[in-house]
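Student: next come a sequence and a model predicted from it.
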Amino acid sequence: MTITDAVVQKIIRKLVHGDDYRIEVTTLINAEFLDYAISFFKQVVDAKLKNQAITVDWYKKELLNPNNPNLSPNDIAINSGLNHKTIVNMYNSATRTVVLDAANKHYELLYQAISSLVENDHEIDITLTIKFRGVSVDLNINESLIVINTLAVKRAALRGGLWSTTGKQVEKMLMITLCQLFDVPAKHYNLENIPISAREVDFYLMGETPQQLYGCEVKLMGRGNPESADGGIARGAHILIADKLSDLNKRELTGLGIEWVELRAVDGYKRFLTVLQKLNIPAEDFSGDLEARLDRIFKNIYSKE
């Protein structure tokens, strides 16, 4: 799962301006989910039509079939009501065999639970009608609840995946943007020769000598989320760049000697210059048209990729 360079740039602009960037991720989640929902409904219609005269569980036969070349193990897991992360957490593994076995077992339990619920509650009935190219199929309450559950699981998986992807793709580019905004010489942050064993944080800055290496952790979580600060502390970072930090977070970080920047604060990005100066990393103050400067920085960054 990836996000485009254009979206990364939009997110960085919002972060530097101190605006809420989450709408960009939410928009992506909505678009991905709606695209999936339409595709999934088409599969359901096709599967149902193929099995009109079959009394066995058509959903399991068509949408949990490991021999279907159009279904990956992850597709089958989602169709059963499980996502990849849940399977890894449950079984500490995600091989094809484990995924398919977990999906089959979970679906049987889900089907039993839904059947039991329907048998014991006669006050509600659901019929989901799906129309595609002039052809419609009706799903009874059991089938409808399974389909609804699958869509819910898929949205949760998309949400977790896109938020994680956003963090991974934005963190480094945000740090490079901040460095170029304050004219930090490339040799102080383009540190390609750092040993793999030392790469425990998101980004590194270097002071006057190679021995003055400062780990930077980027956290785009909200205020009040302890992971925002705890992640930087746990990884031994010297600098924490965050979207939001609580007053308690700031006091804890300061007490531990960890420099911090809260981007959501008024002109929050400017604190990064203070941190650079404190660590004796060459930098220049910035004043002027921030949008125009970001345009130039992005053009410079992405023209080199």
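Tutor: Now that the structure is in, tell me what you want to look at. Numbers count the residues shown, from 1 in each chain.
Student: which residues touch stretch 275-289?
Tutor: Outside stretch 275-289, the residues that touch it by CB atoms under 8 Å, 6 or more residues apart in numbering are 181-185, 188, 205-208, 212, 214, 238-239, 259-261, 273, 293. All C-beta atoms are positioned from the backbone trio N, CA, C, and that covers glycine.
Student: and that stretch, what's buried?
Tutor: Neighbour-count burial for stretch 275-289 flags 275, 276, 279, 281, 283 (criterion: 16 or more other CB atoms under 10 Å).
Student: nearest spatial neighbour of residue 297, skipping sequence neighbours?
Tutor: Once flanking residues are discounted, residue 297 sits nearest to residue 180: 4.7 Å by CB to CB, 6 or more residues apart in numbering.
Student: quick one on the thing from earlier: pull out the buried residues from the contacts of stretch 275-289.
Tutor: So, by 16+ other CB under 10 Å, the buried ones in the contacts of stretch 275-289 are 181-182, 184, 188, 205-206, 214, 238-239, 259-261, 273, 293.
Student: can you tell me the average pLDDT over stretch 240-258?
Tutor: The pLDDT scores in stretch 240-258 average 92.
Student: how about the closest residue to residue 181 other than its chain neighbours, phi and psi?
Tutor: Residue nearest to residue 181 in three dimensions, not counting chain neighbours: residue 286, with 5.6 Å by CB to CB, 6+ apart. When quoted as degrees, to the nearest 10, the phi and psi of residue 286 stand at phi -120, psi 130.
Student: need the longest strand for this protein.
Tutor: strand 213-219 (DSSP state E).
Student: could you name the helices and strands sitting against it?
Tutor: Strand 213-219 sits against helix 141-181, strand 203-206, helix 227-234, strand 239-242, with contacts defined as 3 or more CB pairs under 8 Å, 6 or more residues apart in numbering; DSSP states H and E.
Student: what about 6 Å?
Tutor: Strand 213-219 sits against strand 203-206, helix 227-234, strand 239-242, with contacts defined as 3 or more CB pairs under 6 Å, 6 or more residues apart in numbering; DSSP states H and E.
Student: I'd like the buried residues of stretch 275-289 as JSON lines, with distance to residue 93 and pLDDT appended.
Tutor: What follows is those, written out as JSON lines (distance: CB to CB, whole Å; pLDDT from 0 to 100):
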{"residue": "275", "distance to residue 93": "42", "pLDDT": "97"}
{"residue": "276", "distance to residue 93": "44", "pLDDT": "97"}
{"residue": "279", "distance to residue 93": "43", "pLDDT": "94"}
{"residue": "281", "distance to residue 93": "44", "pLDDT": "95"}
{"residue": "283", "distance to residue 93": "47", "pLDDT": "96"}
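Student: keep only those of these that are in helices.
Tutor: Among those, the members falling in helices (DSSP state H) are 275, 276.
Student: number of nearby residues for residue 271?
Tutor: Look at residue 271: counted by other CB atoms under 10 Å, it has 16 neighbours.
Student: any idea how far it is from residue 259?
Tutor: From residue 271 over to residue 259 the distance is 9 Å, taken as CB to CB, to the nearest Å.
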